[in-house]
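# Structure for the following, please:
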Amino acid sequence: MKLEVNGINLNVSEAGSGDQAYVFMHFWGASSLEWAGVIEGLSSTYRCVAFDLRGSGSSDAPASGYRMTDLADDAQSVIAAMKLKKYVLVGHSMGGKAAQVLAARRPDGLKGLALVASAPAGPMHIGDAEREQMRGAYTSRETVNWAIDNVLTSAPISDTDREAIITDALRLSESAREGWIEVGSREDYSKEVANVNVPVAIIAGEEDKIDPVEVVKTDIIPSFQSPETHFLAGRGHLLPAEAPAEVVEILSNFGAKVFA
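Now for the predicted structure:
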């Protein structure tokens, strides 16, 4: 379904029911479809809401508005429109950075924050050459396949997940592409995340090439008070596709604690 928030239409999907919810935010170049396997595993117990971030999937692609605060505003508006009263924010990569920004506002109803192969709240440690490589990563099926096999994953993924990733990457708008490369990835919210006052779960792949273990240990874990941490052996950056069962189990156990 489409929801009009903040002057644009966002594509939103929902599964499950009840008053305990998970809200999912996807990685750069993806859509809410990346969470399909995780939502399938959680929706028998929890209400699951996922949406395509602006410029991605089937959502509108305005020319501007790609700061992490803009993405957080959109998520907060979706939560309000869906009338969610108790929820956990789940963010992957870029979506994890935006989820941290929203959690730092201490919004009503927030019970926990789960970061899945998340970008840190501070700037990405990459140079201009790497930014140019990012610009070319989603230009054709061949470049997306190369990125999946050589950068994004360290474990096999299903053909269905691969096709979804390729489709989403090729329809990423130019504004969203540049919005992350030149704006969102450079922003620094490391001071703001000190305001997060809910339990935090951090899930990372031991073989992640984008946000590697050392970044998780130095730039993410110290930002929070006693977060629970999970490092998945042999897994890379695309944990929702590489390890959906493990992510479901961790989120289920986390939900049992924070919703108690």
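# So which helix or strand of the protein has the lowest pLDDT on average?
Across the helices and strands of the chain, mean confidence by mean pLDDT, DSSP states H and E is lowest for helix 128-136: a mean of 93.
# List the buried residues of that one.
When burial is assessed from 16 or more other C-beta atoms under 10 Å, helix 128-136 yields the following buried residues: 131, 134. For glycine as for every other residue, the C-beta is placed from the backbone atoms N, C-alpha and C.
# Just give me how far it sits from the chain centre.
21 Å (C-alpha atoms, centre = their mean, to the nearest Å).
# so what's the backbone phi/psi at the nearest residue to Val196 once chain neighbours are set aside?
Among residues not flanking Val196 along the chain, Ala103 sits closest, at 4.7 Å (C-beta to C-beta, 6 or more residues apart in numbering). Main-chain dihedrals, Ala103, degrees, to the nearest 10: phi -60, psi -30.
# ok, Ala103 - contacts?
89, 110, 113, 193, 196, 198 (C-beta atoms under 8 Å, 6 or more residues apart in numbering).
# now do 7 Å
89, 110, 113, 196, 198 (C-beta atoms under 7 Å, 6 or more residues apart in numbering).
# export the residues you listed to a markdown table and tack on distance to Ile157 and pLDDT?
As requested, the contacts of Ala103 are exported to a markdown table (distance: C-beta to C-beta, whole Å; pLDDT from 0 to 100):
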| residue | distance to Ile157 | pLDDT |
| --- | --- | --- |
| Leu89 | 24 | 98 |
| Leu110 | 31 | 98 |
| Leu113 | 25 | 98 |
| Val196 | 31 | 98 |
| Val198 | 31 | 98 |
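# before we move on, the earlier item: for the residue nearest to Val196, give its distance to Lys111.
10 Å (C-beta to C-beta, to the nearest Å).
# residue nearest the centroid of this structure?
Centrality entry for the chain: nearest residue to the mean C-alpha point is His92, 2.5 Å, by C-alpha atoms, centre = their mean.
# Tell me the predicted confidence for it.
pLDDT, His92: 98.
# try Lys217
pLDDT at Lys217 comes out at 98.
# and it, how many neighbours does it have?
With neighbours defined by other C-beta atoms under 10 Å, the count for Lys217 comes to 14.
# Over to the one 4 residues further on?
By other C-beta under 10 Å, the residues close to Ile221 number 17.
# Could you do Ser175 as well?
Every residue meeting other C-beta under 10 Å relative to Ser175 is counted, giving 15.
# Ok, Ser44 next?
10.
# now it: how far from Ile203?
From Ser44 to Ile203 the distance is 21 Å (C-beta to C-beta).
# next one: Lys86
With C-beta to C-beta as the criterion, Lys86 and Ile203 are 21 Å apart.
# What lies in contact with stretch 157-174?
29-31, 33-34, 55-57, 61, 138, 141, 144-145, 148, 238, 241-242.
# actually stretch 209-218, sorry about that
Contacts of stretch 209-218 (C-beta under 7 Å, 6+ apart): 93, 117-120, 151, 202, 204, 206, 231, 236-237.
# Among the residues you listed, which one sits closest to Arg177?
Nearest to Arg177 out of those is Ser93 (C-beta to C-beta; 14.3 Å).
# unless I'm mixing things up, the closest one is touching Pro120, no?
No. Counting by C-beta atoms under 7 Å, Ser93 sits too far from Pro120 to count as a contact (10.6 Å).
# These two: which has the busier surroundings?
Ser93 (27 against 23).
# which other helices and strands contact the helix or strand harbouring Val90?
Taking DSSP states H and E as the criterion, Val90 maps to strand 87-92. The contact analysis (3 or more C-beta pairs under 7 Å, 6 or more residues apart in numbering; DSSP states H and E) places strand 87-92 against strand 21-25, helix 94-103, strand 110-116, helix 244-258.
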